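**Student:** everything below, folded, please.
(2 chains)
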Protein chains: 2
Amino acid sequence: MTIELINTGSELLLGRTLNTHLQWLGRRFADMGHIVSRQVCVPDTGPAIEQAVRESLTRADLMLVTGGLGPTSDDITRELIARLLARPLREDPVVLEQLRQFFAQRNRPMPERNRVQALVPEGALVLANPYGTAPGLAMEVRPNPFRENGQASWLMLLPGPPRELRPMFQEIVVPLIRRVLPEPGEYVCRTLRTTGVGESALQARIGPLLQPLVAQGLDLGYCAHSGRVDVRLAVQTAAAIDLVRTAEIVVRRELSAHLFAEGDVELESVIIQRLTERKETLAVAESCTGGCLAHLLTNVPGASAVFLAGLVTYSNAAKQKFLGVRATTLAAHGAVSEPVARAMAEGVRTRNHATYGLSVTGIAGPGGGTADKPVGTVFLALAGPFPTVVERNYNPTDRETFKQVTAQQALDLLRRHLVNDRAS
Amino acid sequence: MTIELINTGSELLLGRTLNTHLQWLGRRFADMGHIVSRQVCVPDTGPAIEQAVRESLTRADLMLVTGGLGPTSDDITRELIARLLARPLREDPVVLEQLRQFFAQRNRPMPERNRVQALVPEGALVLANPYGTAPGLAMEVRPNPFRENGQASWLMLLPGPPRELRPMFQEIVVPLIRRVLPEPGEYVCRTLRTTGVGESALQARIGPLLQPLVAQGLDLGYCAHSGRVDVRLAVQTAAAIDLVRTAEIVVRRELSAHLFAEGDVELESVIIQRLTERKETLAVAESCTGGCLAHLLTNVPGASAVFLAGLVTYSNAAKQKFLGVRATTLAAHGAVSEPVARAMAEGVRTRNHATYGLSVTGIAGPGGGTADKPVGTVFLALAGPFPTVVERNYNPTDRETFKQVTAQQALDLLRRHLVNDRAS
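**Tutor:** Here you go, the predicted model:
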C-alpha cells in the first residue's frame, strides 16, 4: 500500500502556519499498521496542486489532500480535482441543508459564498464535518488513467484546519479505509510514556538491555516532548510479537518509577482518573505556570468532579489574600522559595477543603532571575493528609516550554504520591 | 527563482517527530524576499531520496535537502547525491581536523564511523557546523543534466536537527544565497489579524472590494485559526507595492472593529501591551475555560506587571468563596448565566483592586448541556470603571477548541473596550 499526503496552503510555505498534518496523520496511519510514503506541500495555486495530484496518482493507492475546501476564493481544490478527473460537480441537497443548519444554529445568515461547499464531484462520498462548514470528499479513481495499468487509487479531500480534519479522520476516514483498502500486515506497536527522566539518560538505562531484541528485529524508538519521553516498541509481523512483549517487560522493570501511561494518554488524564476512582479532590495554586496547570487539568472531560479550583496568584497581594501566605514569609524568603511553595499548597488545600493542594512558584523568565535563583528555578509543593512535600527544580528554557515542563513536573509530583499510596 | 525543500527522515513520516523545517525556513526565505515553491518529505531510503532529488533538479534553481548527514547507517544523503551527480567523494583534511577537535573538546574519543562526515563531493563548499558533527555541503550543478536547457541549479545539504540547521542557515547559507543567487524581486507581504468574524463573512465584506486589486496582481489569502482569521496581502514586485497599500487601507476601513494586530502578534500580547501603556491592571475569573485565559496572558513576557491574578473557580463553592458570588444568585440562575458572569467579573475586580475584571462561565462539554443552555453556551463579562458589560456566545466545538475560542472572545471583549476608550 502506497499512501501519500498532499498539503495545500500558501501560508504553510510562507512559514506563517506550522504544518502538523504529517505528524498527526503519520501517527494514526502507523497505529493502523500503514506507513505514509511521501508528503508534499504546495501553494494554493491551480498548477501546483494539479501537478502534485497528477504525480501522486501515478504512484499512490491512497492519497489524502488537505486544505482548499473552504468558502473563499483561494479554496480551489474541489473544483480542480473534479476537472482533473472529469467528474462534474453537482450541488448536494443534503450537504446544502447541513450548511444551512450550521449557520442557523449560530443565528447567522449563511453567506452565499458557502454554497460552493455543497458541490460534490460525481460519484464521490461526502464526509460529514460537524466542526466546520467544509465537508470532506472521498472517491475511488477506477480505472486510474494516470497509472500504467489503470490500477485504482482512492483520493480523499480533507479540510485544512486540524480541529476539523482530526475528528473527521478518526470518526469517518479510519472506518472507510478499513472497509475499502486491503488489511496491512499485522504491525504491532506499543508506546510507553515516561516523565521525569531525560531522553539520553533513559536510552542509557534501557538501550543496552534491549539491544539483543533490536538485533532480532525490534523497532525501538524514543521521542522527547516537553517534560515527557515516549518509548516506542514495534515489529512488522505478528510472528514477532514476543519481541514487543519481552521488551515491554524490560522497560516496565527498569523505568517503573517514570512510566505513567500507554499509547496517547496524557499525564493530566491519569491524574483525573485516579482522583475520580479514589473519590478525592484537588485544588492548585500557581504562580510562574500562570494557569497552565489548571488549563491542562481542565482539558480532561469530567475534570469538574474532582478539580475544585485553580488560583493563579501572580502578585504577592494575591498570594496573601487568596492563599493566606504571610507577608513576613514573603518578605523573609521571597515569593520563589520553599516556605512560600509550602504555604501556597497548604493554603489552597484548606481554603477549598480539597484532599490535595498542589502549588508552583518559580521564575519563568526572561527577566527576574538572580545569582542565587536563576531564571528556570522552581519550587513545587504537595499538601495532603500527610506532611507537605516540597521539591526544587531547575528548568532553564524559553518561557512557554518552562510553563509546560514545570506543569508536567507538578502533575508528576501528585502522580507519584497516588501510585505509592496505592501500592502501600 | 524556484526554491524547493526536501526533508529526509522516516521518523517524520511515522509521525514520531514534528517537521518544523518548512515553517522556519519558509519564514527566513520570505524575509529575504523569496518564496519556497514546494516541500517534500521522504523516508531515509535511497530510492525515495533519489527520486525526490531528481524531480526537484528538473525544476528548482535552489534545492535544500535536510537530514541524512549523520554518522549512522541510515544517513545516506551525502553518498547518494555524490553518485547521482557523478562527483567523487574525497576526505577533506580540514573537516577531519574539525571533527577530531569536536570530540577532543568534549573529552571523548572520535568513533571511527564519524570519519564519513569528512567526505566531500568534488567541487562542493563545506558549511561549518559549530553545534554538531555533520558539516553542510553546497554545490552548483552546472550544467544541470536534469534540466532541458542545462540551466544551473544550487543544491545544499543541511543537517536534520533544528539546533544545528538553524544557526548554519542564518550564519552561512543566507550570505551564500545572497552572493550566488540573483536578487529577488521585492516581495512585499502584510498580514492583518482579525477576531470576532468568520472566514466567509470576512471575505464577503472585503473580497468584492479587493477584486480589482487581485485582477492587477494582488495575492490575497485568508487563514482561519481558533478564534482568529488572518488576511494576507502580498505582491511579487516592489513596483506593485501600491496594490498592498491600497488593499490595506480597504481592509482597515472595512474591518476596523475586528483588526487587532499585524504580522505575528497575538491578541494576548496586544492586551498586555495596552494595559502596560495605560498603567492599568487586570484580574480574571474563569470557569469553563479552566485556566486557558490566564495561561494565554501569562505567556507574554512582562505580564506580571499588569496581570494580578486568575481565579479558576470550577466549583460553585469556589465561586462563592473567592469571588463573592451569592448562593442565591447561583441557585436562581445557575452557574452558567448572565448574573453569575457579572458577579464573577465584579468580584474578581474588587477583590484584587484591579482596573478590570474579566470573567467567563459556560459549558465546555462534552457533558452538562441542557435544551435551554446547550454545550457551547458561554457568558463573558467585563467589569471596570463603567457599568459591567455581559455578552452571551455559542461555541459548539470540541472541548479544547471551545476553551481556546472562548478565551480569545474574552480577550477581545477587553480589547474592544481598550480601543474604544482610547478613541473617545
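**Student:** okay, now residue A:184: neighbour count?
**Tutor:** By the criterion of other CB atoms under 10 Å in any protein chain shown, residue A:184 has 13 neighbours. C-betas here are computed from N, CA, C, even on glycine.
**Student:** find the nearest non-adjacent residue to it, please.
**Tutor:** Spatial nearest neighbour of residue A:184, chain neighbours left out: residue A:33 (3.5 Å); criterion: CB to CB, 6 or more residues apart in numbering or on different chains.
**Student:** next up, the contacts around residue A:379.
**Tutor:** A:336-338, A:340-341, A:360-362, A:390-393 (CB atoms under 8 Å, 6 or more residues apart in numbering or on different chains).
**Student:** show the buried residues in those residues.
**Tutor:** Buried by 16 or more other CB atoms under 10 Å in any protein chain shown: A:336-337, A:340-341, A:360-362, A:390, A:393, out of the contacts of residue A:379.
**Student:** so which of those residues belong to strands?
**Tutor:** A:360-362, A:390, A:393 (DSSP state E).
**Student:** and the two most separated of the contacts of residue A:379?
**Tutor:** Longest distance between any two of these is 15.1 Å, between A:340 and A:393; criterion CB to CB.
**Student:** ok, and does the longest helix seen in chain A reach over to chain B?
**Tutor:** Longest helix in chain A, counting residues (DSSP state H): helix A:399-423. Yes. Helix A:399-423 lies within reach of chain B by CB under 8 Å from any CB of the partner chain, at A:399-400, A:403.
**Student:** restrict the helix or strand residue A:296 falls within to CA atoms and write it as CSV.
**Tutor:** Using DSSP states H and E, the element containing residue A:296 is helix A:292-298. Output of helix A:292-298 as CSV, limited to C-alpha atoms (Å, rounded to 0.1, in the frame of the first residue of the first chain):
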residue,chain,number,x,y,z
CYS,A,292,-1.0,26.2,32.6
LEU,A,293,-1.5,23.6,35.3
ALA,A,294,-5.2,24.3,35.7
HIS,A,295,-5.6,24.5,31.9
LEU,A,296,-4.1,21.0,31.4
LEU,A,297,-6.3,19.5,34.2
THR,A,298,-9.5,21.1,32.8
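**Student:** need the contact partners of it.
**Tutor:** Contacts for helix A:292-298 (CB under 8 Å, 6+ apart): A:266-268, A:271-272, A:282, A:284, A:286, A:303-304, A:307, A:310, A:312, A:358, A:360, A:403-404, A:406-407, A:410-411, B:289-292, B:294-295, B:298, B:312, B:314, B:364, B:403.
**Student:** so who does residue A:268 touch?
**Tutor:** Counted by CB under 8 Å, 6+ apart, residue A:268 has contacts A:296-297, A:299-300, A:411.
**Student:** grab the nearest non-local neighbour of it.
**Tutor:** residue A:296 (4.5 Å).
**Student:** helix or strand for the residue of chain A positioned farthest from its centre, just tell me which one.
**Tutor:** Most distant from the centre of chain A: residue A:328, at 42.8 Å, with distances by CA atoms, centre = their mean. Using DSSP H and E, residue A:328 sits within helix A:327-333.
**Student:** anything in that helix near chain B?
**Tutor:** No. Judged by CB under 8 Å from any CB, helix A:327-333 and chain B are separated, with a smallest distance of 14.6 Å.
**Student:** pull out the buried residues from that helix.
**Tutor:** For helix A:327-333, by 16+ other CB under 10 Å, it's A:329-330.
**Student:** show me the contact partners of that helix.
**Tutor:** By CB under 8 Å, 6+ apart, helix A:327-333 touches A:316, A:319-320, A:339-340, A:343.
**Student:** in the stretch 201-350 of chain A, where is pLDDT below threshold?
**Tutor:** A:224 (pLDDT under 70).
**Student:** give me the contact list for the host helix or strand of residue A:23.
**Tutor:** Using DSSP H and E, residue A:23 sits in helix A:21-32. Contact with helix A:21-32 is made by A:3, A:5, A:7, A:35-36, A:39, A:64, A:66, A:162, A:165-166, A:169-170, A:174, A:177-178, A:184, A:187, A:189, B:12-19, B:41, as judged by CB under 8 Å, 6+ apart.
**Student:** now, those residues that are in helices?
**Tutor:** Those of the contacts of helix A:21-32 mapping onto helices are A:162, A:165-166, A:174, A:177-178, B:12-13, per DSSP H.
**Student:** flag every residue of the stretch 51-200 of chain A that's near chain B.
**Tutor:** Contact residues, the stretch 51-200 of chain A versus chain B (CB under 8 Å from any CB): A:52, A:55, A:70-74, A:105-108, A:111-114, A:131, A:133, A:161, A:163, A:167.
**Student:** buried subset of those residues?
**Tutor:** A:52, A:55, A:70-74, A:111, A:113-114, A:131, A:133, A:161, A:163, A:167.
**Student:** widest-spaced pair of those?
**Tutor:** For these, the maximum inter-member distance is 34.7 Å, found between A:55 and A:111 (CB to CB).
**Student:** the closest residue to residue A:104 other than its chain neighbours: neighbour count?
**Tutor:** Excluding its sequence neighbours, the residue lying closest to residue A:104 (CB to CB, 6+ apart) is residue A:110, at 8.0 Å. Residue A:110 has 19 neighbours, counted by other CB under 10 Å.
**Student:** and residue A:110, what does it touch?
**Tutor:** A:99-100, A:102-104.
**Student:** also residue A:396?
**Tutor:** A:374-376.
**Student:** same list, those, but as a markdown table with pLDDT and distance to chain B please.
**Tutor:** As requested, those are exported to a markdown table (pLDDT from 0 to 100; distance: CB to the nearest CB, whole Å):
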| residue | pLDDT | distance to chain B |
| --- | --- | --- |
| A:374 | 90 | 16 |
| A:375 | 89 | 11 |
| A:376 | 91 | 14 |
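**Student:** what subset of the residues you listed is buried?
**Tutor:** Looks like the contacts of residue A:396 have A:375-376 buried, using 16+ other CB under 10 Å.
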